[in-house]
Structure formats: C-alpha cells, structure tokens
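Asker: Below: sequence and its predicted model.
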Amino acid sequence: DADVMLGILAIEATRANGVVVGEDLGVVPTETLEVLAKNKVLGCTVEWFEQRDGAFREPKKWREMTLASVNTHDLPPAAGYLNYEHVNIRERLNLLSGSVEEFRAGAVKEHNAMLKMLVSGGFLDKKALENESEHEQEIVEALYRALKAAPSKLLAASIVDATGEHRAQNQPGTNDEYPNWRIPLADANCNPVLLDNLFDLPRVKSLAQIMNK
C-alpha cells in the first residue's frame, strides 16, 4: 500500500530529522508525481534535462520542491559533458543504436543551446565562447551560477565538477566494458586528488564560494 509506505517514510524521516528526495527522473507516471508532491517528497531537477523544444529553461522557472543538480551519476562530470565525453564513450564502446554522426550532431545542438542559456541569463561572459577549452572552468562555474538561480529547496554540487574531472564514474548499459565506480577522483589533467588535499584545491575553493553565496 503506497499510502502506508509513505506514512512510514514520513515517520522515519521525522525521527531522523531528514529530508526525503524521490528520484522522479525519466518515465514516471503522473499519478506518482502527484502523490509524491502531495506528501512533500522532493523531486529531482537536473540542469542538463531542463530543456524543451531544443531550448533550455531559465533556472528561475524550475520546480521549487526539488533537489537540483547540474548532472547525475549516470552522466559524465560537467567538464566531460561539455567535451562530449558521453558521445565518445558510447562510440568507443559501441553502445549507439544509431549513427555516431547523428548522436554527435544532437549533442552539439544541446551543447550550444546550453551555452546560449548561460549567456542570455547573465551566468557566462560571451567572450568565453571564443575559446571554450581555455575557459572550461569558467563555463562549468557558469552552470553552477545558473543552478544557484533556481528556486529549488536543495542544491547539489558534484565533487568531480569541483576538481575538473572529465571521466564518467558510471556508464549505464555496461558491465565489464567500463570501470564503473572504479574511477579514482582526479583533476582536469587526470592527476589523482587525495581527500586530505581536496579542499585546498583552488578550483574546489572557487566552486564552493559560488555555492555558498
């Protein structure tokens, strides 16, 4: 019984002084979304998924009762996504049902639409587009400035985005083909990052400053 399970969940969350987040991404029945919202269970908002008709929605129009993030564990880090790591992995592992060219063309359109939203929203200086690789950190941080503009109750920042990592931690649809959950934390140059040094990194400090404003 869904109502009983939600009741138990609410009781345990209250006891733990915790917040419940429901993973409502992908194909979720409308009835489920309505029940979760009625019971004050937060949903999930992912910046890369907030698009409609080829354009990205302004962060201020995102849902309020959600945990909002730039990406998920099933996507490459922001820097990797901006450099088409999601395309390269699928091509390398032969995971595409259609042509690589078609998938890459779609990724390029998505990429450009995101940059357009960031610039038009005032989160990114247009000059950064003249040399994206040189301004990679600036663009990643613009994604987080946009995130900060959302009305969402909770915001999440990814450690791999803070360090500048490109490699995906997990690739759906794979088993032994990809080292899922075995990628050591590294910076943009694939240098290992130790936990003891994590919060001393300038890039981590910079993203933390944005999130804490």
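Answerer: Ah, there it is.

Asker: All the helices of this protein, residue numbers only.
Answerer: Here the chain has its helices, by DSSP state H, at 2-16, 30-38, 78-82, 85-92, 100-120, 136-148, 159-163, 202-212.

Asker: So for the fifth one, what gets flagged as buried?
Answerer: Neighbour-count burial for helix 100-120 flags 103-104, 107, 110-111, 114-115, 117-119 (criterion: 16 or more other Cβ atoms under 10 Å). Glycine gets a C-beta too; all of them are placed from N, C-alpha and C.

Asker: okay, it in PDB with CA atoms only?
Answerer: Presented in PDB, the C-alpha positions along helix 100-120 are these (Å, rounded to 0.1, in the frame of the first residue of the first chain):
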ATOM      1  CA  VAL A 100      27.600   8.300 -34.300                       C
ATOM      2  CA  GLU A 101      27.300  11.300 -36.500                       C
ATOM      3  CA  GLU A 102      23.600  11.800 -35.700                       C
ATOM      4  CA  PHE A 103      24.200  11.400 -32.000                       C
ATOM      5  CA  ARG A 104      27.100  13.800 -32.000                       C
ATOM      6  CA  ALA A 105      25.100  16.400 -34.000                       C
ATOM      7  CA  GLY A 106      22.400  16.200 -31.400                       C
ATOM      8  CA  ALA A 107      24.900  16.600 -28.600                       C
ATOM      9  CA  VAL A 108      26.400  19.700 -30.400                       C
ATOM     10  CA  LYS A 109      23.000  21.300 -30.600                       C
ATOM     11  CA  GLU A 110      22.300  20.600 -26.900                       C
ATOM     12  CA  HIS A 111      25.800  22.000 -26.000                       C
ATOM     13  CA  ASN A 112      25.100  25.200 -28.000                       C
ATOM     14  CA  ALA A 113      21.700  25.600 -26.500                       C
ATOM     15  CA  MET A 114      23.000  25.300 -23.000                       C
ATOM     16  CA  LEU A 115      25.700  27.900 -23.700                       C
ATOM     17  CA  LYS A 116      23.100  30.200 -25.200                       C
ATOM     18  CA  MET A 117      21.000  30.000 -22.000                       C
ATOM     19  CA  LEU A 118      24.000  30.600 -19.800                       C
ATOM     20  CA  VAL A 119      25.000  33.700 -21.800                       C
ATOM     21  CA  SER A 120      21.500  35.100 -22.100                       C
END
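
Asker: I'd like the distance from it to the chain centre, please.
Answerer: 15 Å (Cα atoms, centre = their mean, to the nearest Å).

Asker: Repeat that for the fourth one.
Answerer: Computed by Cα atoms, centre = their mean, the chain-centroid distance of helix 85-92 equals 17 Å.

Asker: Kindly report the same for the second one.
Answerer: Helix 30-38 sits 23 Å away from the centroid of its parent chain (Cα atoms, centre = their mean).

Asker: That one - contacts with which helices or strands?
Answerer: Packed against helix 30-38 by the contact rule (3 or more Cβ pairs under 8 Å, 6 or more residues apart in numbering; DSSP states H and E) you find strand 43-46.

Asker: Need the contact partners of the strand it packs on.
Answerer: 21-25, 33, 36-37, 62-63, 65-72, 75, 150, 152 (Cβ atoms under 8 Å, 6 or more residues apart in numbering).

Asker: So in that sheet, which strands flank that strand, and in what orientation?
Answerer: Here strand 43-46 has these sheet partners by DSSP bridges: strand 66-69 (parallel).
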